[in-house]
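K.L.:
Next comes the sequence, and after it the predicted model I'd like to discuss.
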Amino acid sequence: MGDEFEPKILGFTCNWCTYAGADLAGTSRIQYPPNIRIIRVMCSGRMDPLFVIKALTNGADGVFMGGCHPGDCHYTKGNYYARRRIVALREVLKAFGLDERVRLRWISASEGPQFAEEVTKMVEDMKKLGPNPLKEETV
Amino acid sequence: MVKCVEVGDAGLNDLFKGLLSSGAVDGLVVPQKSGKSVIYTLIADPEKIKNPVPFAPSFGFNAANSLRKWLIEDKILGVVFKPCEARAVNELIKLEQINPDAILLISVDCEGTFKNEDYTANADKIGDKLTGNIEGVELRAACTMCETKLGEIGDLGIAYMGLGGTTVIALNDKGEAALSKVEGLAIEDKEIDRSSLKAEIKSAGSAGRETLKKELERVNEPLKLLEVLNDCIVCKNCRDMCPVCYCKECFFEQPLGNPHGGDLLHIADTRGDVRIPPYSLFYHLTRAYHVCVTCVSCGACEDACPKGLPLTLIYPVVAKNVQDVFEYVPGTDLEEPLPLTTYEEDELEPR
Ligand code: SF4
Ligand code: SF4
């Protein structure tokens, strides 16, 4: 088992919903794979696609983004803008075979189990996809 | 019914002079012939209009690029642009980089263009107006996917495709007002219907786009893209010549995006190695995202690349895919908000 590929996933979670959801998963002692490194941002609308691109070109195997459900954004519309940006970004990345490494999910502060589930799912998917080929390259 | 004047090619000289001398515009940007080449000129004195060639199929850069930050208040600049240039002007207006009141936007029919150096080398064969294939000279890749070849963008259009003679068409009230200032023009009301021509152009453009999409498949994996970028020297000329890549302070000029000295060594330390100049892949992916909704598919980036990289694939072909998602054709409708500045509550699910 020691040789199995363990993806490194960078997580961006919004302060008000998904970060709190991740926190709840932790305090509820729900198990999920330790492959994700979380960076808290104030809003999903703060997630500049530049962050995602930088992570991918630096060899991250996946980038997970979480925000409040539509209609629940603490700043009322940050997640709507985020949705458009990430859809556009994924369409760009698709041309170069990188889109599947990026996802945006809606997870509220009370959805600890859902957070654990989404992370588990993403780790499984990235294992199937294999390592980001850019990791070993000189970029 | 539209307000228009059939001036013929011979009447264009007088039209441009008239726009200036009547005060409809304070300056006019118009392509003119210089030797065998086409150059863009900004003219203030009507007598300096000598050899305008608005239809000459030569493309060196997207002239809207020179209008970035055109925020003058009290003067009006007329610009005689190809449709892709006129569309870039409209995008820049939406991005608040051009004051729309300071511009009279005139677009011309364009059947496609050659690289300016190809045009200059074959000027005698090509002439001032394209009338079919020119043997041995290839159209620019971006032109093969163009779906907006008609001079129907902006305030005035100068049209000839599908018409008896070259005709100036008022596309809105502003255009009509400008036209009526020019002395000696017999403005008439006419029915001009080019819808079937438009449909033809659209389907030819989308066929061209399909061909380019197939070509794009050669970079459909990260390592393949990286390989194509091996020749990139990160000069960022593709950014500088892009009309819609307008940020005053580009990330890739900041210490974080353009690391030097110790910063660079630090990156090498963290990763084990780094290319120099750094960040070609990071730069291109970021730029591809940045222009994805506003890219007018002019191909100026490819022309600007000193290394001959296939940037028409990486920029307009990719951007078009994004624009399809939002059903957005940049630069055609001033009222329509930029897709990333707006949203609908109920859309794009699941992502
Ligand atoms: S990215 Fe290239 S094709 Fe698109 S607008 Fe800029 S220069 Fe033109
Ligand atoms: S113009 Fe060409 S060489 Fe310069 S940064 Fe762009 S792709 Fe690279």
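P.N.:
Arrived safely. Ligands and ions are numbered 1, 2, ... in the order given.
K.L.:
ok, which residues in the stretch 51-200 of chain B are in contact with ligand 1?
P.N.:
B:62, B:142 (CB under 6 Å from any ligand atom). C-betas here are computed from N, CA, C, even on glycine.
K.L.:
Now do the strands in the chain.
P.N.:
Picked chain A for this. Along chain A, counting by DSSP state E, strands occupy A:9-14, A:36-41, A:62-67, A:102-106.
K.L.:
wait, I meant chain B there
P.N.:
B:2-6, B:27-34, B:37-43, B:58-59, B:77-81, B:103-108, B:114-115, B:156-159, B:167-170, B:188-190.
K.L.:
Who are the packing partners of the fourth one?
P.N.:
Other helices and strands packing on strand B:58-59, by 3 or more CB pairs under 8 Å, 6 or more residues apart in numbering or on different chains; DSSP states H and E, are strand B:114-115, helix B:116-121.
K.L.:
can you give me the mean pLDDT across the longest one?
P.N.:
What that stands for is helix B:116-121. Helix B:116-121 carries an average pLDDT of 98.
K.L.:
distance between it and the chain's centre?
P.N.:
Centre-to-centre, helix B:116-121 and its host chain are 18 Å apart (CA atoms, centre = their mean, to the nearest Å).
K.L.:
Nearest approach to ligand 1 belongs to which of the strands of chain A?
P.N.:
Each of the strands of chain A has some distance to ligand 1 by CB to the nearest ligand atom; the shortest is strand A:102-106, at 21.7 Å.
K.L.:
if we can go back for a sec, please name whichever of the strands of chain A is nearest to chain B.
P.N.:
With CB to the nearest CB, the closest approach to chain B among the strands of chain A belongs to strand A:102-106: 5.7 Å.
K.L.:
the inter-axis angle of the closest one versus strand A:9-14?
P.N.:
40 degrees (axes from the mean of the first three to the mean of the last three CA atoms, to 10 degrees).
K.L.:
can you state the direction angle for strand A:102-106 and strand A:62-67?
P.N.:
Going by the same axes, to 10 degrees, strand A:102-106 makes 20 degrees with strand A:62-67.
K.L.:
in strand A:102-106, what's buried?
P.N.:
A:102-106 (16 or more other CB atoms under 10 Å in any protein chain shown).
K.L.:
so what strands line up beside it?
P.N.:
Note on strand A:102-106: by DSSP bridges, its sheet partners are strand A:62-67 (parallel).
K.L.:
if we can go back for a sec, what's the closest of the buried residues of strand A:102-106 to residue B:162?
P.N.:
Set against residue B:162, the nearest of the buried residues of strand A:102-106 by CB to CB is residue A:102 (45.1 Å).
K.L.:
what's the neighbour count on the residue nearest to the closest one when sequence neighbours are not counted?
P.N.:
Spatial nearest neighbour of residue A:102, chain neighbours left out: residue A:63 (5.0 Å); criterion: CB to CB, 6 or more residues apart in numbering or on different chains. Neighbourhood size, residue A:63 [other CB atoms under 10 Å in any protein chain shown]: 27.
K.L.:
Enumerate every residue touching residue A:63.
P.N.:
Residue A:63 is in contact with A:9-12, A:51-52, A:55-56, A:101-103, counting by CB atoms under 8 Å, 6 or more residues apart in numbering or on different chains.
K.L.:
if we take those, which one ends up nearest to residue A:30?
P.N.:
residue A:11 (15.5 Å).
K.L.:
Would you mind listing where chain A has pLDDT under the threshold?
P.N.:
Counting by pLDDT under 70, the low-confidence segments of chain A come to A:1-2.
K.L.:
give me the number of residues near the residue in it positioned nearest to ligand 1?
P.N.:
Nearest residue of chain A to ligand 1, counting by CB to the nearest ligand atom: residue A:92, 11.9 Å away. Counted with other CB under 10 Å, residues neighbouring residue A:92 total 25.
K.L.:
measure it to residue A:56 for me?
P.N.:
11 Å (CB to CB, to the nearest Å).
K.L.:
anything in contact with each of these two?
P.N.:
Residues within reach of residue A:92 and of residue A:56 at once, by CB under 8 Å, 6+ apart, are residue B:285.
K.L.:
how about stretch A:59-73 as PDB, C-alpha atoms only?
P.N.:
Extracted in PDB, the C-alpha atoms of stretch A:59-73 (Å, rounded to 0.1, in the frame of the first residue of the first chain):
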ATOM      1  CA  GLY A  59       2.200  20.200  -9.700                       C
ATOM      2  CA  ALA A  60      -0.900  20.000  -7.500                       C
ATOM      3  CA  ASP A  61      -2.900  16.900  -8.500                       C
ATOM      4  CA  GLY A  62      -6.200  18.700  -7.900                       C
ATOM      5  CA  VAL A  63      -7.700  21.900  -6.700                       C
ATOM      6  CA  PHE A  64     -10.900  21.700  -4.700                       C
ATOM      7  CA  MET A  65     -12.900  24.800  -4.100                       C
ATOM      8  CA  GLY A  66     -15.900  25.100  -1.800                       C
ATOM      9  CA  GLY A  67     -18.400  27.900  -1.300                       C
ATOM     10  CA  CYS A  68     -21.800  28.600   0.100                       C
ATOM     11  CA  HIS A  69     -24.800  27.200  -1.700                       C
ATOM     12  CA  PRO A  70     -26.300  29.600  -4.300                       C
ATOM     13  CA  GLY A  71     -28.500  32.000  -2.500                       C
ATOM     14  CA  ASP A  72     -26.600  31.600   0.800                       C
ATOM     15  CA  CYS A  73     -23.400  33.600   0.100                       C
END
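K.L.:
Would you indicate which residues of that stretch are buried?
P.N.:
Here stretch A:59-73 shows A:59-68, A:70, A:73 as buried, counting by 16+ other CB under 10 Å.
K.L.:
Intersect those with the contacts of ligand 1.
P.N.:
Within these, nothing lies near ligand 1 by CB under 6 Å from any ligand atom.
K.L.:
Name the nearest of those relative to residue A:22.
P.N.:
residue A:66 (7.6 Å).
K.L.:
measure the closest residue to residue A:109 other than its chain neighbours to residue A:40 for me?
P.N.:
Nearest residue to residue A:109 in three dimensions, chain neighbours excluded: residue A:20, at 3.6 Å (CB to CB, 6+ apart). Look at residue A:20 and residue A:40: by CB to CB, they are 10 Å apart.
K.L.:
Look at these two and report which has more neighbours.
P.N.:
Taking neighbours as other CB under 10 Å, residue A:20 and residue A:40 compare with residue A:20 leading, 21 against 15.
K.L.:
wait, that one sits on residue A:111?
P.N.:
No: in this structure, residue A:20 is not within contact of residue A:111 by CB atoms under 8 Å, at 9.2 Å.
K.L.:
can you tell me which residues contact residue B:45?
P.N.:
residue B:20.
K.L.:
Tell me the residue of chain A that sits nearest chain B?
P.N.:
residue A:80 (3.7 Å).
K.L.:
who are the neighbours in contact with that residue?
P.N.:
Contacts of residue A:80 by CB under 8 Å, 6+ apart are A:70, A:73, B:343-345.
K.L.:
Try it again at 6 Å.
P.N.:
Contacts for residue A:80 (CB atoms under 6 Å, 6 or more residues apart in numbering or on different chains) come out as residue B:343.
K.L.:
likewise the one 4 residues further on?
P.N.:
Shown in contact with residue A:84 (CB under 6 Å, 6+ apart): B:340, B:343.
K.L.:
how close does it sit to residue B:246?
P.N.:
According to CB to CB, residue A:84 and residue B:246 sit 20 Å apart.
K.L.:
One more: residue A:76?
P.N.:
28 Å.
K.L.:
No more questions from me, cheers.
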